[in-house]
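Peer 1: build me a model from this:
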Amino acid sequence: MPLTEIKKEAERRMGVAIEALKTELRHLRTGRASVSLLDTIVVEYYGTATPLNQVANLSAPDATMLVISPWEPSLCPVIEKAIRTSDLGLNPSSDGKLVRVPVPQPTEERRKELAKKAHGVAEHAKVEVRHHRQEANDKIKKELKAATVSQDDERRALEEIQKLTDRFVGEVDKILKAKETEIMAR
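Peer 2: The predicted structure is shown next:
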């Protein structure tokens, strides 16, 4: 496998790790109502576990309220229960047609807990990036053993992979810092 292909594959995989990090951090509650908070909620719909956004319209009319308008009013109690039993710490209420979910401002303790969770998610992303670096380095070393590349090319490729890794780890840090600022803002 040519060295440029190894580098491109490593870069692609590291990019996927960054996207996974962004997706994961989107689900952390920051005190502002966002429909993305409900992305992980799944409800029982005709015997099938279905994502909430596929059985209802979701909206955030203001910064402290989410409104769920199910396509079938009979789903209101099911949606309420699914949100209540999730780990989001939200307490929905229903009038039979709409489910309203107040999003309270998190306490200082809860903000610190969320920041800690964000750090854990970011650390996992860094581990993933480093894992892809290791895979790429192993492939490069395999190419050297097979005598398809010179030692100079191997050294250069290893340096490029390290620079790539440093860039993606820096990006993880930047994303984490932005999320932390968002969480700790009042």
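
Peer 1: give me the most central residue, the chain.
Peer 2: A centroid search over the chain (C-alpha atoms, centre = their mean) returns Glu24, at 1.6 Å, as the residue closest to the centre.

Peer 1: doesn't it belong to a helix?
Peer 2: Yes: Glu24 forms part of a helix when assessed by DSSP: H, G, I helix; E, B strand; the rest coil.

Peer 1: tell me if I'm right that it and Ala122 touch.
Peer 2: No: counting by C-beta atoms under 8 Å, Ala122 is not a contact partner of Glu24; they are 9.1 Å apart. Where C-beta positions appear, they are placed from N, C-alpha and C, glycine not excepted.

Peer 1: ok, back up a step: report the contact partners of the residue nearest to the centre of the chain.
Peer 2: Going by C-beta atoms under 8 Å, 6 or more residues apart in numbering, Glu24 touches Val121.

Peer 1: next up, phi/psi of the residue in the chain sticking out farthest from the centre, please.
Peer 2: Within the chain, Ala147 marks the point farthest from the mean C-alpha position, 40.7 Å out by C-alpha atoms, centre = their mean. Dihedral pair for Ala147: phi 60, psi 30, per degrees, to the nearest 10.

Peer 1: which one's the longest helix in this protein?
Peer 2: In the chain, assigned by DSSP state H, the helix with the most residues is helix 108-145.

Peer 1: how about it: buried residues?
Peer 2: 111, 114-115, 118, 121-122, 125-126, 128-129, 132-133, 136-137, 139-140, 143-144 (16 or more other C-beta atoms under 10 Å).

Peer 1: now do that helix: which elements does it pack against?
Peer 2: Applying 3 or more C-beta pairs under 8 Å, 6 or more residues apart in numbering; DSSP states H and E, we find helix 108-145 packed against helix 3-26, helix 151-184.

Peer 1: which non-adjacent residue is nearest Ala136?
Peer 2: In this structure, Ala136 finds its nearest non-sequential neighbour in Ala10, 3.8 Å apart by C-beta to C-beta, 6 or more residues apart in numbering.
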